[in-house]
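> Output the structure for:
(one chain, ligands or ions: 1)
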Amino acid sequence: MNSKKVLITGGNAGIGFETSKALALKGYRVIILGRTKQKCEDAVYQINQIAQNDYCTYYLCDLSNQNEIKKTAQLISEQHHSLDILINNAGQVFTEYNESVDGIEMQFATNHLAYFLLTYELIPLLQKSTEARIINVSSNSHYRGKVDFNNLYFKNNYKFFDAYAQSKLCNVLFTYALAEKLKNSNITVNALHPGLVKTSIGTKNTKWWESLAWTLWSKLGISVADGAKTSIYLASSDEVKNTTGKYWNKCKAQESLKTSYDKDIQEKLWKLSEDLCKIDYSKYI
Ligand SMILES: NC(=O)c1ccc[n+]([C@@H]2O[C@H](COP(=O)([O-])OP(=O)(O)OC[C@H]3O[C@@H](n4cnc5c(N)ncnc54)[C@H](OP(=O)(O)O)[C@@H]3O)[C@@H](O)[C@H]2O)c1
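Here you go, the predicted model:
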């Protein structure tokens, strides 16, 4: 019997929900981290019905709020002895400039800094697993990204796609830097593109016509179950248990954007992210 424990952010909807469901069916103990109580309860209920057990549970956390991330991670660490897999999956699209409670542009806060901070907070639990995996859901949008250190938040000239692509490039830069720092440890780190997937991500923080455009555009995409396949593969396949520091698409490793391999950019982003989250990764690794 598989008793591995997996924590997945945004496991209540879209790709995260399908990933949670599939892993629960394989016997994993799934912990969902989501922001809406009713949605989390519905997801947990459905998953436990399908898996015919009561292993799936959830924690509430708004991942755009650093204090909530720290408190939730603290609670998880008190209630669990170890963690085998962390899937940083939750992401958002904002077509207008928005700031988090910490004063950070929303896509950067949720899509990158939440991955960076939650991972840091859960490293001690992952270190207690015999073989741990960190999986960062990025996007092929990162190929059109650039980290603009002089205008990180695009505050005065907000271009939502540039901000989204930057946040997804940050996922890849973070993955490579963390994989390198953890290369002699029990933890692997990989990033992935799920495909163009028919979820409602483009309908949540957008104007009605943008929402309509996403709905039409995403009809060209794959089903949500297919969009979860690379996440499920990286979480559960023995083929990748020793593979780290790669970018995946359709369950195959592929080259990411050239600048994502740039160690100076990785390190600059790392230091900046530590400062913005007020943490020091060297405490753990
Ligand atoms: N769909 C695509 O075509 C596509 C393509 C490339 C990459 N991706 C990436 O895939 C990942 C999953 O996206 P999806 O398409 O499955 O989107 P989705 O259906 O909107 O699901 C996103 C999940 O993240 C949660 N979430 C968002 N903001 C949060 C916050 N501040 N705190 C806590 N939870 C939060 C959502 O919660 P609520 O249910 O409460 O909103 C939901 O559970 C994202 O990282 C996205 O960038 C998607």
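> Check which residues of whichever strand or helix holds residue 114 are buried.
The secondary structure element spanning residue 114 is helix 114-126 (assigned by DSSP states H and E). Residues of helix 114-126 classed as buried: 114, 115, 116, 117, 118, 119, 120, 121, 122, 123, 125, 126 (neighbour count, 16 or more other Cβ atoms under 10 Å). No exception for glycine: its C-beta is placed from N, CA and C like everyone else's.
> Generate a markdown table for the residues you listed, with distance to residue 3 and pLDDT as supplementary columns.
Shown next, in a markdown table, are the buried residues of helix 114-126 (distance: Cβ to Cβ, whole Å; pLDDT from 0 to 100):
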| residue | distance to residue 3 | pLDDT |
| --- | --- | --- |
| 114 | 27 | 98 |
| 115 | 26 | 99 |
| 116 | 29 | 98 |
| 117 | 28 | 98 |
| 118 | 23 | 98 |
| 119 | 23 | 98 |
| 120 | 26 | 98 |
| 121 | 23 | 98 |
| 122 | 18 | 98 |
| 123 | 21 | 98 |
| 125 | 15 | 98 |
| 126 | 16 | 98 |
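> do the helix or strand hosting residue 21 and the ligand meet?
Taking DSSP H and E as the definition, residue 21 sits inside helix 14-25. Yes. Part of helix 14-25 sits near the ligand under the criterion Cβ under 6 Å from any ligand atom, namely 14, 15, 16.
> Could you name the helices and strands sitting against that helix?
With contacts defined as 3 or more Cβ pairs under 8 Å, 6 or more residues apart in numbering; DSSP states H and E, the packing partners of helix 14-25 are strand 5-9, strand 29-34, helix 37-51, helix 224-227, helix 229-236.
> before we move on, the earlier item: reformat the buried residues of helix 114-126 as TSV; add distance to residue 261.
Compiled in TSV, the buried residues of helix 114-126 are given as follows (distance: Cβ to Cβ, whole Å):
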residue	distance to residue 261
114	24
115	19
116	19
117	24
118	24
119	20
120	23
121	27
122	26
123	23
125	29
126	24
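> Tell me which stretches of the stretch 51-200 of the chain form helices.
66-79, 106-107, 114-126, 160-181 (DSSP state H, counting those that start in this stretch).
> Can you list the neighbours in contact with the second one?
Meaning helix 106-107. Applying Cβ atoms under 8 Å, 6 or more residues apart in numbering, the contact partners of helix 106-107 are 64, 92-94, 98-100, 160, 163-164, 166-167, 205.
> Any of those residues buried? List them.
Among these, those classed as buried by neighbour count (16+ other Cβ under 10 Å) are 64, 92, 93, 94, 98, 100, 160, 163, 164, 166, 167, 205.
> got the residues of the stretch 51-200 of the chain near the ligand?
Applying Cβ under 6 Å from any ligand atom, one finds that the stretch 51-200 of the chain approaches the ligand through 62-64, 89-92, 110, 137, 139, 193-194, 196-197, 199-200.
> Pull out the buried residues from those.
Of all these considered here, the ones buried according to neighbour count by 16+ other Cβ under 10 Å are 62-64, 89-92, 110, 137, 139, 193-194, 196-197, 199.
> Poorly predicted segments of the protein, please.
Across the chain, residues meeting the criterion (pLDDT under 70) sit at 1.
> Residue nearest the middle of it, spatially speaking?
To find the centre residue of the chain, average its C-alpha atoms and take the closest one (Cα atoms, centre = their mean): that gives residue 88, at 2.2 Å.
> Not counting its neighbours along the chain, what's nearest that one?
Using Cβ to Cβ, 6 or more residues apart in numbering and skipping residues adjacent in sequence, the residue nearest residue 88 is residue 115, 4.0 Å away.
> Equivalent analysis for residue 138, please.
Take residue 138 and drop its neighbours on the chain: the residue closest to it by Cβ to Cβ, 6+ apart is residue 171, 3.7 Å away.
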